[in-house]
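1. Predicted model and sequence follow; I will ask about them next.
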Amino acid sequence: MYNDLFSIGPITVHSYGLFTAIGLIAAILLASARAKKRGLSEDICYGILFSGVIFGYFCSKLTYVLVEWDSFIKDPKLFLSQSGFVVIGGLTGGVIAAWVYCRIKKVKFMDYFDLCMPSVAIAQGFGRIGCFMAGCCYGKETDSSIGIAFTHSNFAPNNVPLIPTQLISSAANFANMALLLLIAKKAKKKGLVAAAYMLTYSVGRFLIEYLRNDDRGVIGPFSTSQFFSLIIFVVGILFFVLVLLKGEDVESYATEEKETVTDKESNEEV
């Protein structure tokens, strides 16, 4: 697999960056299409996704620095390198950015939280394909038929059959997106889609971590990502229970949507 796809003058197009960009575009298109159907603002969706990406990137790097503090002290340039991300840190930062953005715009965070989570899953699905092309986030050595050997990776050991954890993660994220879209159609309470994402992603990530073999830090008996996955899982359960007990009904959202459409029609008539 090749991370350097082609060059245009001094600019080199990397597969990781390309698939990350494809994932972001897919996330925006999905959120935009669903926002139209729900009567929500597409502009708010764009703002949430872009602010989430920017702040999420920063938090992902910051989490990596905290986990690899000794290495960072020796070489501070790690913060600016292509590698060195903690995805769960980025997700946390993205959610915080989305909440702040919704507060600034004075819109209901929960409506857009539910709306954007399938988009997050599809972005992650494409992002992991980029990981596979680059060879980062690689798996353990294996003699099974699913093993894939890298030949030009700057991250994974080359010419050694490895478990394709990146592709497994990608498939899991795409499946999660489909599940979240199904839940969104059936949900009776606002926040259930977001709660479902926390539970499904944390469980999937925790299990896939057992197949990985790249250096990503440890906290006690768990990898860094497993430790944070446990936290997200607990938060997800608490959030799920809170939504069931005190969450706003989706029916009320439908009423608000009709009122918004009626107001728009009245303004157009005037």
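-> Cool, the structure landed.
2. where does Tyr57 land on pLDDT?
-> pLDDT for Tyr57: 83.
3. tell me the phi and psi of it?
-> Torsion angles at Tyr57 (phi, psi; degrees, to the nearest 10) stand at phi -60, psi -50.
4. can I assume it is in contact with Gly89?
-> No - in this structure, Tyr57 is not within contact of Gly89 by C-beta atoms under 8 Å, at 10.0 Å. Glycine gets a C-beta too; all of them are placed from N, C-alpha and C.
5. Mind listing the shared neighbours of these two?
-> With contacts taken as C-beta atoms under 8 Å, 6 or more residues apart in numbering, Tyr57 and Gly89 have no neighbour in common.
6. So which of the two has more stuff around it?
-> Looking at Tyr57 and Gly89 with other C-beta atoms under 10 Å, you find the greater number of neighbours at Gly89, namely 23 against 15.
7. Point me to the helix or strand that includes that one.
-> Element membership for Gly89 (DSSP states H and E) is helix 87-105.
8. what does that helix rub up against?
-> With C-beta under 8 Å, 6+ apart as the test, helix 87-105 has contacts from 44, 47-48, 51-60, 62-64, 108-109, 112-113, 116, 120, 124, 201, 205, 225, 228-229, 232.
9. can you give me the mean pLDDT across it?
-> Mean pLDDT, helix 87-105: 89.
10. Between helix 87-105 and the next helix or strand along the chain from that helix, find me the angle.
-> The first helix or strand that comes after helix 87-105 along the chain, using DSSP H and E, is helix 109-134. Orientation of helix 109-134 against helix 87-105 (axes from the mean of the first three to the mean of the last three C-alpha atoms, to 10 degrees) gives an angle of 150 degrees.
11. Now tell me what touches the helix or strand following helix 109-134 from outside.
-> Sequence order places strand 148-149 as the next helix or strand after helix 109-134, per DSSP H and E. Residues from elsewhere that reach strand 148-149, judged by C-beta under 8 Å, 6+ apart: Asn158, Asn159, Val160, Pro161, Leu162, Pro164.
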